[in-house]
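> Return a 3D structure for these sequence lines:
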Amino acid sequence: MKQPLLFLLTALIILIFTGCSNKTQSLHKTWFFAYYGSSGENAPSNPQLTPENFIDFQRDGNYTSYIAGFDYGTWKNEDNEIQLVNQKGDKKVIRIVSMKDGELVLDLSAILNNRTPHIFTGISNTKTKDADNPFSKQNNQWRIASPAPEADEQIKNRLINHFRFWEKYFEWAVANDLKTLPVRGMNSPIKIYGNGFALIPYNELPNEWKKNFFDEGDCKKAWDKLKKMMDTKNVAWPKTDNRFKFFIAGFQQLQGMVE
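All right, here's what the predicted structure looks like:
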């Protein structure tokens, strides 16, 4: 009688550890904000999140996020609590309310100071190299606010990095065989249309884009560079029916056009 009991206990232990492993395994995705859950007395978060906001949990224990500004560091999941330690050494814990059917419901009160449920949808991110991951620190330098005035070359590099993000963003969409991709309302000075892109007028720039710069002066310098580029350069658009590949080519070219 002892052997069947021992076998049963062993099976239960294996099942428990397998369940924990699978839960952590399923977090290894890029999670995009989708909508707010019902929370009764609590109002939606401030800032208001959009499909641009994400958390990218990598298999090596690193993460990047764009929730209340761009953040990066290390993460681990214990007992439905995701522990984040960012680049400054600040520790925050976000609680998993539920996770099923490709949706992750998070309590982001540690970041956004309210308990409104935030629902995210996950998409596989197979890009293991930071250089190819649109959500990596390397491709999101443009989202990190400058603590001091920037020289012309630094502003130029910020714009090039922004265009590289777009290139990798569309490449990621192709790799994941996505049919649609959020591009409208993004934190960008560029508005994307079905047949190309255009520069947003300076007085209509998104506030989140302006926050990337030390001050209004640097933001205006960046916009002037873009205006000059748009007025004097031409993109050689490829002949393709794939809109994502169409824009990959466009943003690749823009990276070499900024002066």
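
> Poorly predicted segments of the stretch 101-250 of the chain, please.
Where the stretch 101-250 of the chain drops to pLDDT under 70, the residues are 127.

> quick one: contacts for the residue nearest in space to the middle of the chain?
In the chain, the C-alpha nearest the mean C-alpha coordinate belongs to Phe54, at 4.1 Å (CA atoms, centre = their mean). Contact analysis of Phe54 by CB atoms under 8 Å, 6 or more residues apart in numbering lists Thr30, Trp31, Phe32, Phe33, Ser65, Tyr66, Phe120, Phe135. Where C-beta positions appear, they are placed from N, C-alpha and C, glycine not excepted.

> So which of the residues you listed wins on neighbours?
Among the contacts of Phe54, Phe135 has the most neighbours (other CB atoms under 10 Å), with 26 neighbours.

> ok now do Leu159, which residues does it touch?
Contacts of Leu159 (CB under 8 Å, 6+ apart): Trp142, Ala222, Lys225, Leu226, Val258.

> so the third one makes contact with Asn157?
This means Lys225. No - using CB atoms under 8 Å, Lys225 makes no contact with Asn157, being 11.1 Å away.

> now the residue nearest to the centre of the chain: how far from Phe120?
Remark: distance between Phe54 and Phe120 (CB to CB, to the nearest Å) = 8 Å.

> Quickly list what's touching both of these two.
With CB under 8 Å, 6+ apart as the test, Phe54 and Phe120 both reach Trp31, Phe32, Phe33.

> closest to Lys100 among those?
Nearest to Lys100 out of the shared contacts of Phe54 and Phe120 is Trp31 (CB to CB; 13.7 Å).

> wait, what's in contact with the nearest residue to Gly250 once chain neighbours are set aside?
Leaving aside its sequence neighbours, Gly250 sits nearest to Val235 (CB to CB, 6 or more residues apart in numbering; 5.1 Å). Contact analysis of Val235 by CB under 8 Å, 6+ apart lists Gly196, Ala249, Gly250, Gln253, Leu254.

> can you rerun that using 10 Å?
Counting by CB atoms under 10 Å, 6 or more residues apart in numbering, Val235 touches Gly196, Phe197, Ala249, Gly250, Phe251, Gln252, Gln253, Leu254, Met257.

> how about the strands of the stretch 101-250 of the chain, start to end?
With strands called from DSSP state E, counting those that start in this stretch, the stretch 101-250 of the chain shows them at 103-107, 117-123, 190-193, 196-199.

> Dump these into CSV; add distance to Thr240 as well.
Output for the strands of the stretch 101-250 of the chain, formatted as CSV (distance: least, CB to CB, whole Å):
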stretch, distance to Thr240
strand 103-107, 33
strand 117-123, 23
strand 190-193, 16
strand 196-199, 13
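
> Relative to Leu181, which of the shared contacts of Phe54 and Phe120 is nearest.
Phe32 (10.5 Å).

> check contacts around the closest one.
49-56, 66, 104, 120-123, 135, 182.

> at 8 Å what do you get?
Pro51, Glu52, Asn53, Phe54, Phe120, Thr121, Gly122, Ile123, Pro182.

> Likewise for Tyr63?
Here Tyr63 is in contact with Ile55, Asp56, Phe57, Tyr72, Gly73, Thr74, Trp75, Leu84 (criterion: CB under 8 Å, 6+ apart).

> can you pull the pLDDT of the second one?
The reference is to Asp56. According to the prediction, Asp56 has pLDDT 96.
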